[in-house]
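Trainee: what follows is a predicted protein model with its sequence.
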Amino acid sequence: MIAPAPIETERLTIRLVLDSDLPALMEVNSNEEVTALLPYPTWRSAQDAEAWLHRMRGIEATGLALQFVVVLRSAETAIGTCLLFRFDEGSARAELGYALGRAHWGQGFMQEALNALLGSAFATMGLRRLEAEVDTANVSSARLLQRLGFTKEGLLRQRWVTKGKAKDVEMYGLLRNEWLAGPQQQP
């Protein structure tokens, strides 16, 4: 998977993660509210952040993932992340993950970021299908995906084990032709 150039929106820049983003991402991922419904542990230290970045760099090196940050242009600081991962070249398919800092919830930032990233994924990156798995308790995330045009495709029972508990997740999918025909693409 080849990374696009940084993507600019009215309020945001979506670009690949840099080492210098770790302090801002520490603020995002050390918040229990942010990570409560995500399939990874809450960061407790700078070492957790560095281990995450090392893991992301390793996955990116395989060509199977791209780790982006969502940067608030007015502050030039990362306020969240977006991840395209488990890239399947033969099927032109990838999975989508994302997280947003608690201070920025309810302001439309993630919808703006994902709208831009999806446009790039389906156009310049050549993806045909995107998938997302959402904890059934994460109603806000499910609504976001639906606003972006994703279709709920099913329930995956006890799919994730996170924070010591088996979690059911809903599977969402979005096809390129659906995206191109969707309302976000209309003038």
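Mentor: Looks like it came in fine. None of the values given here were measured: they were computed from a predicted structure. Numbering: from 1, shown residues only.
Trainee: Glu50: neighbouring residues, count only.
Mentor: 14 (other Cβ atoms under 10 Å). C-betas here are computed from N, CA, C, even on glycine.
Trainee: confirm that it sits in a strand.
Mentor: No - secondary structure assignment places Glu50 outside any strand; it is helix (DSSP: H, G, I helix; E, B strand; the rest coil).
Trainee: got the contact list for it?
Mentor: Leu22 (Cβ atoms under 8 Å, 6 or more residues apart in numbering).
Trainee: ok, it to Leu22 distance?
Mentor: 7 Å (Cβ to Cβ, to the nearest Å).
Trainee: now do Glu95
Mentor: 23 Å.
Trainee: what's the answer for Arg93, then?
Mentor: 30 Å.
Trainee: repeat for Trp160
Mentor: In terms of Cβ to Cβ, Trp160 sits 25 Å off from Leu22.
Trainee: how about the nearest residue to Ala121, chain neighbours excluded?
Mentor: For Ala121, ignoring the flanking residues on the chain, the nearest one in space by Cβ to Cβ, 6 or more residues apart in numbering is Leu127 at 4.6 Å.
Trainee: hang on, I meant Glu170
Mentor: Glu170's closest residue in space is Val134 (Cβ to Cβ, 6+ apart), at 5.1 Å.
Trainee: list the strands paired with whatever helix or strand the one you found lives in, with their directions.
Mentor: Using DSSP states H and E, Val134 falls within strand 129-135. Using DSSP bridges, the strands paired with strand 129-135 are strand 93-100 (parallel), strand 165-175 (antiparallel).
Trainee: tell me the mean pLDDT over it?
Mentor: For strand 129-135, the mean pLDDT works out to 97.
Trainee: off-centre distance for that strand?
Mentor: 10 Å (Cα atoms, centre = their mean, to the nearest Å).
Trainee: got a list of contacts for stretch 33-47?
Mentor: Residues contacting stretch 33-47 (Cβ under 8 Å, 6+ apart): 22, 26, 28-32, 48-49, 52, 99-102, 135, 137-138, 141, 160, 162-163, 167.
Trainee: what bridges to the residue lying closest to Arg86 once chain neighbours are set aside?
Mentor: With Cβ to Cβ, 6+ apart as the criterion, Arg86 has its nearest non-adjacent residue at 4.6 Å, and that residue is Glu95. Beta-bridge pairing of Glu95 under DSSP bridges involves Phe85, Glu131.
Trainee: which residues touch Glu95?
Mentor: Glu95 sits in contact with Leu83, Leu84, Phe85, Arg86, Leu130, Glu131, Ala132, Glu133, where contact means Cβ under 8 Å, 6+ apart.
Trainee: for the helix-or-strand element of the chain with minimal mean pLDDT, buried residues please.
Mentor: One helix or strand of the chain scores below all others by mean pLDDT, DSSP states H and E: helix 32-35, with a mean of 90. For helix 32-35, burial by neighbour count (16 or more other Cβ atoms under 10 Å) applies to Val34, Thr35.
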